[in-house]
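Undergrad: A structural model of the following input is requested.
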Amino acid sequence: MELLNDMALFVEVVKAKGFRSAGEAIGIPNSTLSRRISALEKAIGLRLLHRTTRKIELTEAGQVYFERCKRIVDEARLAHEQLGEMLAQPSGVLRASFPVDFAVTYLAPLIAEFAGLYPGITFDFDLTARRVDLVSEPFDVAIRIGEPENSQLIARTLGSFTPYLYASPGYLERAGEPGKPADLKQHQCLGILKAGAWTLHDGKRSDTVQVGGRFALNNVGMIRRLAALDMGIILMQEEVVADELASGKLRRIMPEWYGTPTPVYAITETRLLPAKTQRFIEFLRERLGR
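TA: Numbers count the residues shown, from 1 in each chain. Reported below is the predicted structural model:
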């Protein structure tokens, strides 16, 4: 890289027909330019310039070297410009894995916005609860909710979501509305697998309460659906139940209490990412980090 920079300086000096003029044009002292060109001559073992007090002239070897340097520098500048254009408008297929319910209810409009910003990108999405193998499977990125597993993969924090308590009007009419965490012991609570214990916070204190219910599930969509069908109370991120809240099928209860914030991560195999993946992660971090 240093040699390429010196070649570029040599080209500028020849074009300007002097160290002073070149230095003024590119903002480098002419004495520094002179030292750099002398070092270049020493490095390649050729005298490139005849120097006088009034002007410079190319030697025969300098003329040949100038033509080659000019071609190399021009090609390097063109490659840099093309790279800049590629980074500004990345293209290719973006292969990503998402949690099903989070993608459908929350990420879909963000993905539509991103697609509008980058028309050169096409998309191949896998919506699944399983942990895809980014090493052996052809995914560029996986978006995951919750603490990442301890592995050699790269996890980038995108934001976090706070879960709240929700229930349907029908359930509350039948079972009554809890007023404090301890009341949840008397209610049907829907969680992933066995609900177990929920830790709730009100900004000043925390309270862990043992909860249970008739259903053991491993699917967020099913939990959300059963809650809307009057089957119990859920502790879930607002973004996941946005449709049910808008339609009135669910409403927030015990509004002063909330669950432990849940982080959202972008998982990749490597830190060296193509432009399409970089832009996607940056976009989600901007939106989810608000």
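Undergrad: now the strands: where do they sit in the stretch 101-250 of the chain?
TA: Assigned strands in the stretch 101-250 of the chain, in chain order: 121-127, 141-145, 154-161, 163-167, 189-190, 197-201, 206-210, 233-237 (criterion: DSSP state E, counting those that start in this stretch).
Undergrad: What lies in contact with the first one?
TA: When you say that, I think you mean strand 121-127. Strand 121-127 is contacted from outside by 90-100, 103-104, 111, 115, 132, 139, 276, using C-beta atoms under 8 Å, 6 or more residues apart in numbering. From N, CA and C alone the C-beta is placed, and that goes for glycine too.
Undergrad: Are any of these buried, and if so which?
TA: Taking 16 or more other C-beta atoms under 10 Å as the criterion, what is buried in the contacts of strand 121-127 is P90, L94, R95, A96, S97, F98, P99, A103, I111, V132, F139, K276.
Undergrad: which one among these gets closest to K204?
TA: P99 (31.6 Å; C-beta to C-beta).
Undergrad: Excluding chain neighbours, give the residue nearest to that closest one in space.
TA: Spatial nearest neighbour of P99, chain neighbours left out: I145 (5.8 Å); criterion: C-beta to C-beta, 6 or more residues apart in numbering.
Undergrad: Hmm, the one you found is touching F102, no?
TA: Yes - I145 is within contact range of F102, at 6.0 Å (criterion: C-beta atoms under 8 Å).
Undergrad: joint contacts of these two?
TA: Taking C-beta under 8 Å, 6+ apart as the contact criterion, the common neighbours of I145 and F102 are Q237.
Undergrad: what mean pLDDT does stretch 222-229 have?
TA: The predicted model assigns stretch 222-229 a mean pLDDT of 94.
Undergrad: Check which residues of it are buried.
TA: Result for stretch 222-229 [16+ other C-beta under 10 Å]: buried residues I223, R224, L226, A227, A228.
Undergrad: any residues touching it, and which ones?
TA: The contact list for stretch 222-229 (C-beta under 8 Å, 6+ apart) reads 101, 166-168, 171, 190-192, 215, 217, 232-234, 236, 240-241, 244, 249-250.
Undergrad: If any of those are buried, give me the PyMOL selection for them.
TA: Provided next is the PyMOL selection string for whichever of the contacts of stretch 222-229 are buried by 16+ other C-beta under 10 Å:
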select buried, resi 101+166+167+168+171+190+191+215+217+232+233+234+236+240+241+244+249+250
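Undergrad: any idea which element the nearest residue to A16 once chain neighbours are set aside lies in?
TA: Distance criterion C-beta to C-beta, 6+ apart; nearest residue to A16, sequence neighbours excluded, is A22 at 3.8 Å. Element membership for A22 (DSSP states H and E) is helix 19-26.
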